[in-house]
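**Q** Provided below for reference: sequence and predicted model.
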Amino acid sequence: MGADGSEWKGFFRRHWGAAFIFGVSVVLALAWGVYIFWWFTGNAQSSGLVPDTLGLWTMGDLLTFVIYAIFWELLLVGVPIIIGVVVAWRWWRRLPAEERMGRLFDNSGKGGRGSGGASFLLFLAFCLKVYYDGNWNVPIASFSLNYVVGSMITIIAWAAVVIGIPATVAFVWWIRRQPK
């Protein structure tokens, strides 16, 4: 591809209709996703799935809300997006090979690595700690700062034990295997 992107310009000029449909589809999918979340939130409150006041939410309410929201988003937004991606992929595969070469999944840029899931695992550990403490159906607004910080310290200690003991055993085993 040229430094000025002229190949991409020519590609989009030849396939302006598909590019327009793709752009409109992305905008509509984003708007639809926001609308479905807004719809679900209103129905979750009016159906009694979660309390109207955020200060009365419990960990059970939070987890139930997140799971149901993910379900509805996947069902009403994810399925149409998957169908659209399949249609776009079939269109892409019908293009001549020389027109497709080097355009899809060009790995010249550096992508972000993400969090590695540490935040999600910390949230799951916090949920387990709240459940273990018997605070599952207690409003989150009633949690004191000392309780949250103490829970985080306890979770870090758990992680140190769960990761540290096997790491220490592996390190000692590795040291003992080294030739003297």
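**A** Perfect, thanks for sending it. Computed from a predicted structure; not experimentally measured.
**Q** tell me where the chain has helices.
**A** 6-14, 16-46, 59-73, 79-94, 97-100, 118-132, 145-177 (DSSP state H).
**Q** check which residues of the fifth one are buried.
**A** The one in question is helix 97-100. Residues of helix 97-100 include none that count as buried (16 or more other CB atoms under 10 Å). Backbone N, C-alpha and C define where each C-beta goes, glycine included.
**Q** what is the mean pLDDT for it?
**A** In this model, helix 97-100 carries a mean pLDDT of 77.
**Q** pull the residues that contact that helix.
**A** Outside of helix 97-100, the residues within contact range by CB atoms under 8 Å, 6 or more residues apart in numbering are 11, 92.
**Q** one more pass at 10 Å, please.
**A** 7, 10-11, 14-15, 92-94 (CB atoms under 10 Å, 6 or more residues apart in numbering).
**Q** and what of the third one?
**A** The list of residues contacting helix 59-73 from outside it, by CB under 10 Å, 6+ apart, reads 32-33, 36-37, 39-41, 43-45, 49-51, 54, 57-58, 78, 123-124, 126-131, 135-140, 143.
**Q** next one: that helix to chain centre, how far?
**A** 14 Å (CA atoms, centre = their mean, to the nearest Å).
**Q** now do the first one
**A** Taking CA atoms, centre = their mean, one finds helix 6-14 lying 33 Å from the centre of the chain it belongs to.
**Q** do stretch 29-47 as well
**A** The answer for stretch 29-47 is 18 Å, by CA atoms, centre = their mean.
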